[in-house]
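**Student:** Mind looking at a prediction? Sequence and model below.
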Protein chains: 2
Amino acid sequence: MPALTPSYDQLQVFLAVVDEGSFSAAARSLKRAQSAVTYAIQKLEEQLDVRLFDRAAYRPALTEAGRALLPRARLVADEMQALRNHAEAIAAGAEPELRLVVDAMFPMDRLVESLRLVSARFPHSPPRIYVDSMGAAAELVLNGVCAIGLLLEFSSVSEHLQRDKLIDIAMIPVAAPNHPLGAADSPVSIEDLRPHVQLVLSDRSGLSGDRDYGVFSTRTWRIADLGAKHAMLKAGLGWGSLPAHLVAEDLANGRLRRLTIRDEAGLSEVVRLPLCSAFRRDRPPGPAGRHLLAHLSAGAARKPA
Amino acid sequence: MPALTPSYDQLQVFLAVVDEGSFSAAARSLKRAQSAVTYAIQKLEEQLDVRLFDRAAYRPALTEAGRALLPRARLVADEMQALRNHAEAIAAGAEPELRLVVDAMFPMDRLVESLRLVSARFPHSPPRIYVDSMGAAAELVLNGVCAIGLLLEFSSVSEHLQRDKLIDIAMIPVAAPNHPLGAADSPVSIEDLRPHVQLVLSDRSGLSGDRDYGVFSTRTWRIADLGAKHAMLKAGLGWGSLPAHLVAEDLANGRLRRLTIRDEAGLSEVVRLPLCSAFRRDRPPGPAGRHLLAHLSAGAARKPA
DNA sequence: TCGACTCTATCGAAACATTCGATCATGCCC
DNA sequence: GGGCATGATCGAATGTTTCGATAGAGTCGA
């Protein structure tokens, strides 16, 4: 049963002959006997049922068919080379895929720049990005789905995780202008907040043990998706806090109003939510992952948000 | 010297295993012994220095690396298949390249539609198009560079050529508005033309034997390029005839004026230049070329220009 | 025109790679 | 537990590719 398909090796020989200009030169460049080159080309021609070289002259000349097939042969060879390079990178320790999970709170613009640079340097580790919130995000790191997480500090407490502080983000209490709280321009007291519906981001996972942070109202709606919370706030369904970077535009064009909260000690401070990077100690990230972490923390040091 | 590069056959086996879900099933689908499949995968893994399947479970599961490399393997296989298909088409008689030469007079819009259809049906015969004029165009067919010519009838007389009438094109005498002849609105006599410079398309080849057609003026400039002639007419350097389809727009927006010529018999008829397709009798075009010719002459019958 | 060189095709022998079929240990599923 | 399927491994058989030598033909400069 003779092979019906050319082998990759035959294509290599074909390309070498084209590039070197003669069978003998190709044999030299491939460090093989000239007869092996002749044989390979003969086999290739036989399998393709096409004459590739015209041997009438002293030096073999590509036939028209050979010229037409040459670019395809190069393409196959190039793709095979790319496959080899990719495998080599993986064999050398590159992660075949750089999977990371990002907490929905995380400012994406910080991430995209780092990712762009990293994937330019590590083209064989294409990123795959998950977005989730709080414990659910941390879980993806803990169970090994993602090598790296960009998480809320408080939702990723675990001795299995190596965590490093990245940035704080400011949480801003807001309400829609048509909401009673949003309509008032003056500071509101905690007692003023209490009767209104507060929209609280909830944890889809059980990891945070259902502890609540910054819950003031007696009526709370729990929403597991930050975008949904955002939309509901804009729709005036209640009040709640959102990361500063998410509401900057809404505050500027008036779709949301910032609430100033007064407690016993006076005007309350802006709540800052610490974010960190995290990975499992027993599965340290590969080169691309380490690069990403380094770039992110360098960026955090430069521009602490 | 063990091969450093995977063979195409190994990739096929890899893909078969992925698609079939097990080594044994792959062996069945490839009609080979199961041990051959095991051997091929082992070799492939060895050459790539990457574990592709996790054999811990009952059925082999792609490793992460295997999953990452899979698309590349498919790509190589697909490109190799494309190469085979292309070669098969050539072996079956398809011309590796559909080379044709078109006389500059030929209305391109007629050609493009036919070419689009033909190259959709014959993707393995990509067209290569030359444009030249008169005898120079015919020569490209006669010397075998082009399988097909779309030529002026009078410049392609040769017993070696099989020619078929396609269409006539109308030649329209024109001059720029700032030219003395273009300024006059009334018909001009042949005697009126005589003193003015006439721009005449000349034949770069010697094939037409330097016979002139439709030369009236005593002072003639000979230009070997139709586009240059066109530009010079618009610049007001003289008068001359151009194909109707080339000057329609210029006539409409006034950049050129049509000359009405009066001879002894009254207003002279519009000169019609017959165009034909041509190919060497001893080298009839392949399937793509025949298709193109059929489509062109069908189009000519439908819309005789 | 000769002679030295290089080219490709071809041959048999040797080296190599791949295949097969049989056998084994293991996991699955009823 | 028993029947069945899976993948690894082995030796033998088969096929493919390589090598080196040789022959015939083209090239190029003296």
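**Tutor:** Arrived safely, thanks for sending.
**Student:** Check the gap between the residue in the stretch 151-300 of chain A that chain B sits nearest to and A:L98 for me.
**Tutor:** Distances between the stretch 151-300 of chain A and chain B by Cβ to the nearest Cβ are smallest at A:G286, namely 10.9 Å. (Glycine included, C-beta is placed from N, CA and C.) Per Cβ to Cβ, to the nearest Å, A:G286 is found 8 Å from A:L98.
**Student:** For the helix or strand hosting A:Q47, buried residues please.
**Tutor:** According to DSSP states H and E, A:Q47 maps onto helix A:34-48. Residues A:V37, A:T38, A:A40, A:I41, A:K43, A:L44, A:E45, A:Q47, A:L48 are the ones in helix A:34-48 that count as buried (16 or more other Cβ atoms under 10 Å in any protein chain shown).
**Student:** Help me confirm that the third one comes into contact with A:Q10.
**Tutor:** Yes - checked against Cβ atoms under 8 Å, the pair A:A40 and A:Q10 is within contact range at 5.1 Å.
**Student:** my read: A:V174 touches A:L251, true?
**Tutor:** Yes - counting by Cβ under 8 Å, A:V174 touches A:L251, with 7.3 Å between them.
**Student:** who's more crowded, the two?
**Tutor:** When neighbours are counted by other Cβ atoms under 10 Å in any protein chain shown, A:V174 comes out ahead of the other of A:V174 and A:L251, with 25 against 15.
**Student:** Check the gap between A:P60 and chain B for me.
**Tutor:** Taking Cβ to the nearest Cβ, to the nearest Å as the measure, A:P60 falls 17 Å from chain B.
**Student:** for the closest residue to that residue other than its chain neighbours, what are its contacts?
**Tutor:** Once flanking residues are discounted, A:P60 sits nearest to A:F53: 3.9 Å by Cβ to Cβ, 6 or more residues apart in numbering or on different chains. Neighbouring residues of A:F53 by Cβ atoms under 8 Å, 6 or more residues apart in numbering or on different chains: A:V17, A:I41, A:E45, A:P60, A:A61, A:L62, A:T63, A:G66.
**Student:** tell me the pLDDT at A:D78?
**Tutor:** Note for A:D78: predicted pLDDT of 91.
**Student:** before we move on, which element is it in?
**Tutor:** helix A:64-91.
**Student:** Chain neighbours aside, what residue packs nearest to A:I172?
**Tutor:** A:A244 is the one closest to A:I172 (Cβ to Cβ, 6+ apart), at 5.2 Å.
**Student:** Can you tell me which residues in chain A are near DNA strand C?
**Tutor:** Within chain A, the residues that sit near DNA strand C (Cβ under 7 Å from any atom of the strand) are A:22-25, A:34-35, A:38-39, A:41-42, A:55, A:58-60.
**Student:** Sort out which one of those residues lies nearest chain B for me.
**Tutor:** Closest to chain B out of those is A:I41 (13.8 Å), distances taken as Cβ to the nearest Cβ.
**Student:** Could you verify my assumption that the closest one touches A:F14?
**Tutor:** Yes - taking contacts as Cβ under 8 Å, A:I41 lies within contact range of A:F14: 6.6 Å.
**Student:** hey, what's in contact with both of those two?
**Tutor:** Joint contacts of A:I41 and A:F14 (Cβ under 8 Å, 6+ apart) are A:L52.
**Student:** returning to that earlier point: any residues in contact with both of A:V174 and A:L251?
**Tutor:** With Cβ under 8 Å, 6+ apart, A:V174 and A:L251 have common neighbours A:R257, A:R258.
**Student:** Neighbours of A:N178, how many?
**Tutor:** Neighbour count of A:N178, defined by other Cβ under 10 Å: 11.
**Student:** dump the residue contacts of it.
**Tutor:** A:G236.
**Student:** so what's it scoring on pLDDT?
**Tutor:** The model's pLDDT for A:N178 equals 90.
**Student:** Next, it: secondary structure please.
**Tutor:** Three-state assignment for A:N178 (DSSP: H, G, I helix; E, B strand; the rest coil): coil.
**Student:** Check the gap between it and B:S202 for me.
**Tutor:** Going from A:N178 to B:S202 by Cβ to Cβ gives 81 Å.
**Student:** A:L111 now?
**Tutor:** Going from A:L111 to B:S202 by Cβ to Cβ gives 67 Å.
**Student:** What segments of chain A are strands?
**Tutor:** Secondary structure of chain A (DSSP state E): strands at A:53-54, A:61-62, A:98-103, A:127-132, A:148-152, A:161-175, A:188-189, A:198-201, A:220-223, A:239-243, A:257-258, A:261-263, A:266-267, A:271-280.
**Student:** DNA strand D is nearest to which of those?
**Tutor:** strand A:61-62 (10.9 Å; Cβ to the nearest atom of the strand).
**Student:** wouldn't A:S297 be in contact with A:C276 here?
**Tutor:** No - A:S297 is not in contact with A:C276 according to Cβ under 8 Å; the separation is 9.7 Å.
**Student:** who's more crowded, the two?
**Tutor:** Neighbour count, other Cβ under 10 Å: between A:S297 and A:C276, A:C276 has more, with 21 against 17.
**Student:** That one contacts A:D164, correct?
**Tutor:** Yes - the criterion here is Cβ under 8 Å, and A:C276 meets it with A:D164 at 5.8 Å.
**Student:** distance between the helix holding A:D78 and the chain's centre?
**Tutor:** Centroid separation between helix A:64-91 and its chain, computed with Cα atoms, centre = their mean, to the nearest Å, is 28 Å.
**Student:** buried set for it?
**Tutor:** Buried-residue list, helix A:64-91, by 16+ other Cβ under 10 Å: A:65-66, A:68-69, A:72-77, A:79-80, A:83-84, A:86-87, A:89-90.
**Student:** and what of stretch A:239-252?
**Tutor:** Buried, per 16+ other Cβ under 10 Å, within stretch A:239-252: A:W239, A:G240, A:S241, A:L242, A:P243, A:A244, A:H245, A:L246, A:V247, A:D250.
**Student:** give me the beta-bridge partners of the third one?
**Tutor:** This means A:S241. Beta-bridge partners for A:S241, by DSSP bridges, are A:P173.
**Student:** shouldn't it be in contact with A:V271?
**Tutor:** Yes - if you go by Cβ under 8 Å, A:S241 and A:V271 touch, sitting 6.8 Å apart.
**Student:** what do these two both touch?
**Tutor:** In terms of Cβ under 8 Å, 6+ apart, A:S241 and A:V271 are both contacted by the residues A:M171, A:G214.
**Student:** burial count for A:V197?
**Tutor:** The local packing of A:V197 (other Cβ under 10 Å) involves 16 other residues.
**Student:** Quick check: chain neighbours aside, which residue is closest to it?
**Tutor:** Looking at A:V197 with Cβ to Cβ, 6+ apart, the closest residue is A:G238, at 3.4 Å.
**Student:** isn't that neighbour right next to A:G182, touching?
**Tutor:** No - assessed by Cβ under 8 Å, A:G238 is found out of contact with A:G182, at 10.3 Å.
**Student:** Need the overlap of contacts for those two.
**Tutor:** Here A:G238 and A:G182 share the contacting residues A:A175, scored by Cβ under 8 Å, 6+ apart.
**Student:** A:Q34 is in contact with A:E20, correct?
**Tutor:** No - taking Cβ under 8 Å as the definition, A:E20 is not a contact partner of A:Q34, at 11.5 Å.
**Student:** got a list of what A:D282 touches?
**Tutor:** Neighbour list for A:D282: A:H160 [criterion: Cβ under 8 Å, 6+ apart].
**Student:** any idea how far it is from B:R67?
**Tutor:** A:D282 is 22 Å from B:R67, by Cβ to Cβ.
**Student:** What of A:Y130?
**Tutor:** Using Cβ to Cβ, we find A:Y130 at a distance of 17 Å from B:R67.
**Student:** got it, and A:A36?
**Tutor:** 36 Å.
**Student:** Also A:V247?
**Tutor:** A:V247 sits 39 Å away from B:R67 when distances are taken as Cβ to Cβ.
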